[in-house]
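Trainee: fold the following, please.
(one chain, ligands or ions: 2)
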Amino acid sequence: NITGCSYKLRNVDLHPLWKGQLDIPGGTRQSPIDIRVRDSIFHPDLAPVKTHYDPNTCLHIWNNGYAFLVEFDDCTDKSVVSGGPLENPYRLKQFHFHWGVNNDWGSEHTVDSKVFPAELHLVHWNCTKYRTFEEAIMEENGLAVIGIFLKVGRHHEKLQKLVDILPSVRYKDSLTEFNYFDPSCLLPSCSDYWTYAGSLTTPPLTESVSWIIMKKPIEVDHSQLAVFRSLLYSAVGEDEKYMVDNFRPLQPLMNRTVHSSFQ
Ligand SMILES: O=C(NCc1ccccc1)Nc1ccc2c(c1)[B-](O)(O)OC2
Ligand SMILES: [Zn+2]
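Mentor: Ligands and ions are numbered 1, 2, ... in the order given. So this is what the prediction gives:
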């Protein structure tokens, strides 16, 4: 189980999203972090990360009040990630994004202090050691999350199917059926990555994540990102608050090393 002291976050002016989260559980391996490329250690025996996703496991998309989540049927091993720093396969549960109010910021992790306009998280749980996602989220090595940076550039053809459905989940707690989507189309062409031990960046902030951050960003165009910003934090009937800047502030590296799969 995750135990440990709690400590106050640095007194930064926090986005409303974080007003309630000054005290955090644990606190020795929090995410996100700034990845200092020169300090990362090349591990020659870090294998490539292998993903196998079955588009038929894609269930629906919903707005949980923090982000929009595309959720998958995780009752079988049809959609999994393995290899890389992982000792066994992890099942795909959901993916979601974090983004900014404009293209100048939005990602959670940074690379030598470089911020990207958005970041994709593909969330998997350790189905060998735990029975459910809810259990795994509370345990060490419970989750494996692939982080992918987004940059503004060419139109992303395959992402458009998702962008087109976003207006149907505009409000908090809205859900729409979303089938036959293979998130492999969102992976960058280069397999280089950094990996480190961290946490969820949204509540319950548990320190259960093996992070795999892809070095190469994927390109989307500015109109696709603009649709992300049209979603709302607020539910139907509440005063409208645009879902933007849903990223957590950087956390201290403390006693951690970031490993790289490349030199
Ligand atoms: O799944 C989440 N919450 C719902 C919940 C379900 C069951 C028990 C408690 C909470 N959160 C969450 C999971 C994975 C990641 C993040 C947040 B992330 O750091 O944003 O990227 C990686
Ligand atoms: Zn996330």
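
Trainee: low-confidence regions, the chain specifically.
Mentor: Low-confidence segments of the chain (pLDDT under 70): 1-26.

Trainee: those residues of it touching ligand 1, which are they?
Mentor: Residues of the chain lying near ligand 1 by C-beta under 6 Å from any ligand atom: 121, 123, 134, 137, 143, 145, 200-202, 204. To be clear about C-beta, it is placed using only N, CA and C from the backbone, and glycine gets the same treatment.

Trainee: can you say which of those residues are buried?
Mentor: Restricting these to buried positions leaves 121, 123, 137, 143, 145, 200-202, with burial counted as 16 or more other C-beta atoms under 10 Å.

Trainee: for my notes, please list those residues in TSV and give secondary structure for each entry.
Mentor: Listed next are those as TSV, based on DSSP: H, G, I helix; E, B strand; the rest coil:
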residue	secondary structure
His121	strand
Val123	strand
Ile137	coil
Leu143	strand
Val145	strand
Leu200	coil
Thr201	coil
Thr202	coil
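
Trainee: does Lys151 touch Glu219 like I think?
Mentor: Yes: counting by C-beta atoms under 8 Å, Lys151 touches Glu219, with 5.8 Å between them.

Trainee: so who does Ser261 touch?
Mentor: Residues in contact with Ser261, defined by C-beta atoms under 8 Å, 6 or more residues apart in numbering, are 42-43, 46, 48-49, 84, 191-195.

Trainee: from these, pick the one nearest Arg248.
Mentor: Minimum distance to Arg248 across these is 17.9 Å, recorded for Trp194 (C-beta to C-beta).

Trainee: helix or strand: which one has the closest one?
Mentor: Secondary-structure assignment from DSSP states H and E places Trp194 in strand 193-198.

Trainee: buried ones in stretch 57-74?
Mentor: Within stretch 57-74, the residues that count as buried by 16+ other C-beta under 10 Å are 57-59, 61-72, 74.

Trainee: cool, stretch 188-199 as well?
Mentor: Neighbour counts over stretch 188-199 (16+ other C-beta under 10 Å) mark 191, 193-199 as buried.
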